[in-house]
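Student: When you get a sec, could you give me coordinates for this:
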Amino acid sequence: MKLSTKGRYAVMAMVDLARSGRDHPVALADIAQRQEISLSYLEQLFAKLRRGGLVRSVRGPGGGYLIGREPDRLRISDIIVAVDEPIRATRCSPSSSAGCHSDKSRCLTHDLWEELGTQIHLFLSSVTLEDVLSRRVLGASRVFSLSGLAVSEPERDSGSDPGPEMTEPKKVAVQ
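Tutor: Numbers count the residues shown, from 1 in each chain. I've put the predicted structure just below:
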């Protein structure tokens, strides 16, 4: 799976907007400058975010953009989907039973990549803009980055050194 600049820049800009403009509109030029994103590219992304109801525009002097929902109610997956970034890891069409091979069969690893795409979507759906603002994103993966090694669950339960503190993964509500 490849997450393009469209999705990443949209999330970066929304985090900037949420941080800078909780009570007043923020000019896209200011976000573009702070996040080092082309203003014209940001205008295209915000047109999609506005159509998706994730931001509101305010015209006139002192105008700009406001967040359309409270940051704790705005999921990262909402932002990525609003800018038309697909969250999937297969080449196959998600709504078709046909596979990506020329004879319409599925490749041997189709289920693996489809599950990966689902897990990515679930993760991005479990993280809100407020989580990113409050730096509450790192969870179980912190164990890997702190130790440099993967620690399997049976080793952790054997009574040896528990290692770095592990936080409970977020509960995911699937709608």
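Student: Make sure residue 20 is actually in contact with residue 26.
Tutor: Yes: between residue 20 and residue 26 there is a contact under Cβ atoms under 8 Å: 5.0 Å. All C-beta spots, glycine's among them, are computed from the backbone N, C-alpha and C.
Student: The two: which is more packed in?
Tutor: Neighbours were counted for residue 20 and for residue 26 using other Cβ atoms under 10 Å; residue 26 has more, 23 against 15.
Student: Quick one, grab the pLDDT at that one.
Tutor: In the prediction, the pLDDT value recorded for residue 26 is 96.
Student: Quick check: it vs residue 130, distance?
Tutor: Separation of residue 26 from residue 130 (Cβ to Cβ, to the nearest Å): 17 Å.
Student: Pull up the gap between the residue most central in space within the chain and residue 59, please.
Tutor: Residue closest to the average C-alpha location in the chain (Cα atoms, centre = their mean): residue 76, at 3.8 Å. Per Cβ to Cβ, residue 76 is found 28 Å from residue 59.
Student: Check which residues of stretch 35-46 are buried.
Tutor: Residues 37, 42, 45-46 are the ones in stretch 35-46 that count as buried (16 or more other Cβ atoms under 10 Å).
Student: now stretch 113-120
Tutor: 113-114, 117, 120.
Student: now swap in stretch 89-108 and tell me
Tutor: Using 16+ other Cβ under 10 Å as the burial criterion, the residues of stretch 89-108 that qualify are 89-90, 92, 99, 106.
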